[in-house]
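Visitor: Model the following, please.
(one chain, ligands or ions: 1)
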Amino acid sequence: MIALARKYRPKQFADLIVQDHVAAALRGAVASGRVAHGYLFAGPRGVGKTTAARILAMALNCERRTPAGEPDGECDSCRRIWNGAANLDVVELDAASNRGVDDARDLRERAMYAASGETRSKVYIVDEAHMLTREAWNALLKILEEPPPRVVFVFATTEPQKIAQTAAPILSRLQRFDFRRIGPHAIVARLREVLDAEHLAAEDDALHLIAASADGGMRDGLSMPDQVLSFGEGPVTAARVREVLGLIPDDLYSEMLRLIAERDAAAVFPLVDRLVEAGADLGEFVSGAGATLRALLLVGVGGQPEGVTEGVQRVLRQHGARLPPPDIVRLLTVLGESEERIRRSGNTRLAVEVLLLRWAMADRTVAIGEVLEALKGGGQTAGRPVGRDSDPPVLRDTRPAEPHSPAARPPVRPSGPVDKGPLTLDHLRAVWPQIVADARTKTPLLGSLLAEAQVAAVEGTAVTLRPGNAGHAEGLERQRELIAQLIGRFVTEPPRVTVAAGERPLRLTAERANAERLNALRAKDAGLNAAVDALDLELLE
Ligand SMILES: [Zn+2]
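Guide: So this is what the prediction gives:
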């Protein structure tokens, strides 16, 4: 099992895609010995914030650093940091799970020990920093006011404005870098490079689909081919990407544009039926519809939409002429008015149907020439609904029956009311098929991941899942909360979900794993708990 996201994680500043401004500044700071004590890395998820922090740690501690400030990425120290192997020089903390003042105090005490050697620097990487409490920030502020030598803090966050609200004074102590979203072209180019290096075949359209789903994040972009490949052999085709990621076939967007262009309101209901039957996420359909209209608008005003598949380009060519830009602007306005309602609605299906009906019935721009023409002709008003005589494309299922694709799915509907049972291994295994079915109604990918996963253990409220294979671990890990909700419907106590590590450690550094084990041991043994606090013990093995 290859793990592209991990294998191709950058090892040098120069490898950081799109974040040249950050790379140049950090490299320069390392080269000139002017590294700050505190950094704030702000930007969307998956664009390289923690990776940049690790490279900074590598550069500071590299045995063969270049004069320009680049780590070599190969020496013992670099390897250890890059692998996330247990080492004293990089401490990664996830603020989403370590929020309290206790952790800040712990951090403060540990920071006092500074680096592991005379020439080493110690880097604390605090991920999801906006989740830290005010008390934790206050403790950190004290450290940053008198920082120990050769200790660097990097706070990574997707929501810098929240830090400004809870801990404004800290911001003046931090040097801030804003990481950019990674455009679809850059993602496609990088994916192509990586897949070529791995001698893996992939269709262009498949890469465009992945880039669009990755939404500006390279980590997601690289983990998606992993997920697709983890479900079977063979080239990465657009069809497989759609299947695994649960994407909505282009044909459904084509049908949507047709019914809008032809004001065919009656076709709204069968279209939504198709979506529901395909297990599509209606919210995703709405955002895809918005993206399609936007691309159509771009084409209409002479632009070139970025990163759209051949299929979508075909759809745009087919319907572009019938929906001029002023009409699309009107449709997008209607979308803007409806989005919030759809998000909040208890009946998403109805809300989406209403949106499509409003689109199908929206007023249209009519060229003045057409009106005059129509008046001359006597009676026939321009702009009336166009009949269905224009040979509408026939809707069909684009998902091919591939030998390796997950087995044909039964129609997906959330299971009805259930009798909750005790949170035990036996009960969970018994209701697992229902949980998988529920998951499929949320996202087909999660359904597939859960179908292959196993409930490995239930201890107290902790449910441990074993992924079907190592490549599934990250996907499960990321959706732990949703999985807990899905399980919660069937049990009397709200569960916590953990994912058993596959053969690769993913983002779980050995240090963090040890900390988790230590916490588990502390919870079991009050004596040990007290000793750990008193002596600042760390679990070594
Ligand atoms: Zn090195």
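
Visitor: got the residues of the stretch 1-150 of the chain near the ion?
Guide: For the stretch 1-150 of the chain, the residues in contact with the ion (CB under 5 Å from the ion) are 62, 71-72, 75, 78. Placement of C-beta: from N, CA and C, glycine included.

Visitor: how about low-confidence regions in the stretch 51-200 of the chain?
Guide: Scanning the stretch 51-200 of the chain for pLDDT under 70 picks out 85-87, 98-118.

Visitor: what are the ranges of the helices in it?
Guide: Applying DSSP state H, counting those that start in this stretch to the stretch 51-200 of the chain gives helices spanning 76-83, 101-112, 134-145, 160-171, 184-197.

Visitor: got TSV for those helices, with mean neighbour count too?
Guide: Listed next are the helices of the stretch 51-200 of the chain as TSV, based on neighbours: other CB atoms under 10 Å:
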stretch	mean neighbour count
helix 76-83	18
helix 101-112	16
helix 134-145	17
helix 160-171	15
helix 184-197	18
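
Visitor: With distance to Phe41 as extra columns, can I get these in JSON lines?
Guide: Below are the helices of the stretch 51-200 of the chain laid out as JSON lines (distance: least, CB to CB, whole Å):
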{"stretch": "helix 76-83", "distance to Phe41": "17"}
{"stretch": "helix 101-112", "distance to Phe41": "18"}
{"stretch": "helix 134-145", "distance to Phe41": "15"}
{"stretch": "helix 160-171", "distance to Phe41": "9"}
{"stretch": "helix 184-197", "distance to Phe41": "19"}
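
Visitor: Need the per-residue pLDDT for Arg317.
Guide: pLDDT, Arg317: 85.

Visitor: my read is it is in a helix, agree?
Guide: Yes - under DSSP: H, G, I helix; E, B strand; the rest coil, Arg317 falls within a helix.

Visitor: picking that back up, right, and the pair among the residues of the stretch 1-150 of the chain next to the ion with maximum separation?
Guide: Largest separation among those by CB to CB: Pro71 and Cys75, giving 7.9 Å.

Visitor: Overlap of the contact sets of those two?
Guide: Residues touching both Pro71 and Cys75 by CB atoms under 8 Å, 6 or more residues apart in numbering: Cys62.

Visitor: Using CSV, write down the CA coordinates of stretch 431-450.
Guide: The C-alpha atoms that make up stretch 431-450 are tabulated as CSV, following Å, rounded to 0.1, in the frame of the first residue of the first chain:
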residue,chain,number,x,y,z
VAL,A,431,-25.9,-3.2,14.2
TRP,A,432,-22.8,-2.4,12.1
PRO,A,433,-24.6,-3.1,8.7
GLN,A,434,-27.2,-0.5,9.7
ILE,A,435,-24.5,2.0,10.7
VAL,A,436,-22.8,1.4,7.3
ALA,A,437,-26.1,2.0,5.5
ASP,A,438,-26.7,5.3,7.5
ALA,A,439,-23.2,6.4,6.6
ARG,A,440,-23.8,5.8,2.9
THR,A,441,-26.7,8.3,3.1
LYS,A,442,-24.2,10.8,4.4
THR,A,443,-21.3,10.2,2.0
PRO,A,444,-20.8,7.1,-0.1
LEU,A,445,-17.0,7.2,0.7
LEU,A,446,-17.6,7.0,4.4
GLY,A,447,-20.0,4.2,3.8
SER,A,448,-17.3,2.3,1.9
LEU,A,449,-14.7,3.0,4.5
LEU,A,450,-17.0,1.7,7.3
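
Visitor: Give me the distance from it to the chain's centre.
Guide: Offset of stretch 431-450 from its chain centre (CA atoms, centre = their mean, to the nearest Å): 19 Å.
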